[in-house]
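*Asks:* sharing a model prediction with you, sequence too.
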Amino acid sequence: MSGDRFNYYLKMILNSGLEEYALISEQLENDSSISQDEAEELERLIKRYMSVYNRYNLKVINRQTGEEEMPPQTMIDNFGETSDFIENASLYGLQWKVYSPKGSFENSPVQRWYYNQHIASILNSVLADVVPGRVKNYFDIPPWVMGTLHAPGTLYLPLSELATLAISRRLIPDWDYLVKMGLPREMVDSIRAANLGSKL
């Protein structure tokens, strides 16, 4: 593997920090001047460097909110520029921010994601033991980035499946427990009746 473009990316990866790897990866996906094999080799290198950071339990603090989070996943930067903000919507008596996938994520089976930070924090707490990879902020991550370099340790499952799994494993007693923890009754009933997990 040789070539100016490959060496350019190689130098970028070697001289970059954790917060820049996602951007480099996105550039790789959209760069037709390097071969598929070269792109895969560079992606492997990025993953290896990221695993070094993860091994030391690196904490990422959002400068604007002061909260700890996994990169990239804030409303401020549209979740690492992986998402387009569409609108604010009212659903189940709550205000939601609605997003769609951006760039290389546009072929995702999930095309609209409804995000409410308060609801996400409840779900992150209540369903922590059943989310794939046990990612602590699972419900703060757009579904189209799960299983990619942006969120490699997890994959997307609809909320209804996760709640059903938690009940079957006796981690929560029943659907009403979600209401007791702060989710609107109408929302819980809708999730139960029809698979609306892709909205959350």
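*Replies:* Good, I have the coordinates.
*Asks:* for residue 133, see how far away the residue nearest the centre of the chain is.
*Replies:* For the chain, residue 141 is the residue whose C-alpha lies nearest the centre (Cα atoms, centre = their mean; 2.7 Å). From residue 141 across to residue 133, the span is 11 Å (Cβ to Cβ, to the nearest Å). To be clear about C-beta, it is placed using only N, CA and C from the backbone, and glycine gets the same treatment.
*Asks:* what's the overlap in contacts for these two?
*Replies:* Residues touching both residue 141 and residue 133 by Cβ atoms under 8 Å, 6 or more residues apart in numbering: residue 154.
*Asks:* what about the residue nearest to residue 172 when sequence neighbours are not counted, which helix or strand?
*Replies:* Residue nearest to residue 172 in three dimensions, not counting chain neighbours: residue 166, with 4.8 Å by Cβ to Cβ, 6 or more residues apart in numbering. Take DSSP states H and E as the rule and residue 166 turns out to sit in helix 159-168.
*Asks:* please state the offset of that helix from the chain centre?
*Replies:* Centre-to-centre, helix 159-168 and its host chain are 19 Å apart (Cα atoms, centre = their mean, to the nearest Å).
*Asks:* tell me what it is packed against?
*Replies:* helix 185-193 (3 or more Cβ pairs under 8 Å, 6 or more residues apart in numbering; DSSP states H and E).
*Asks:* list the buried ones in the helix it packs on?
*Replies:* Neighbour counts over helix 185-193 (16 or more other Cβ atoms under 10 Å) mark 187, 188, 190, 191 as buried.
*Asks:* which single one of those residues is nearest to residue 149?
*Replies:* residue 191 (29.5 Å; Cβ to Cβ).
*Asks:* dump the buried residues of helix 185-193 to TSV, plus pLDDT and distance to residue 123.
*Replies:* TSV is the format used below for the buried residues of helix 185-193 (pLDDT from 0 to 100; distance: Cβ to Cβ, whole Å):
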residue	pLDDT	distance to residue 123
187	93	11
188	93	11
190	91	15
191	88	11
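*Asks:* you'd agree residue 128 is in a strand?
*Replies:* No: assigned with DSSP: H, G, I helix; E, B strand; the rest coil, residue 128 falls outside any strand and is coil.
*Asks:* CA-only coordinates of the helix or strand that contains residue 37 in PDB, if you can.
*Replies:* Per DSSP H and E: residue 37 is located in helix 36-55. Extracted in PDB, the C-alpha atoms of helix 36-55 (Å, rounded to 0.1, in the frame of the first residue of the first chain):
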ATOM      1  CA  GLN A  36     -10.900  -0.200  -0.500                       C
ATOM      2  CA  ASP A  37      -7.900  -2.100   1.000                       C
ATOM      3  CA  GLU A  38      -6.100   1.100   1.900                       C
ATOM      4  CA  ALA A  39      -9.300   2.500   3.500                       C
ATOM      5  CA  GLU A  40      -9.800  -0.700   5.500                       C
ATOM      6  CA  GLU A  41      -6.200  -0.700   6.700                       C
ATOM      7  CA  LEU A  42      -6.500   2.900   7.900                       C
ATOM      8  CA  GLU A  43      -9.800   2.100   9.600                       C
ATOM      9  CA  ARG A  44      -8.200  -0.800  11.500                       C
ATOM     10  CA  LEU A  45      -5.400   1.600  12.600                       C
ATOM     11  CA  ILE A  46      -8.000   4.100  13.800                       C
ATOM     12  CA  LYS A  47      -9.800   1.400  15.800                       C
ATOM     13  CA  ARG A  48      -6.500   0.300  17.400                       C
ATOM     14  CA  TYR A  49      -5.600   3.800  18.400                       C
ATOM     15  CA  MET A  50      -9.100   4.300  19.900                       C
ATOM     16  CA  SER A  51      -8.800   1.100  21.900                       C
ATOM     17  CA  VAL A  52      -5.700   2.500  23.500                       C
ATOM     18  CA  TYR A  53      -7.700   5.400  24.800                       C
ATOM     19  CA  ASN A  54     -10.500   3.200  25.900                       C
ATOM     20  CA  ARG A  55      -8.100   0.900  27.800                       C
END
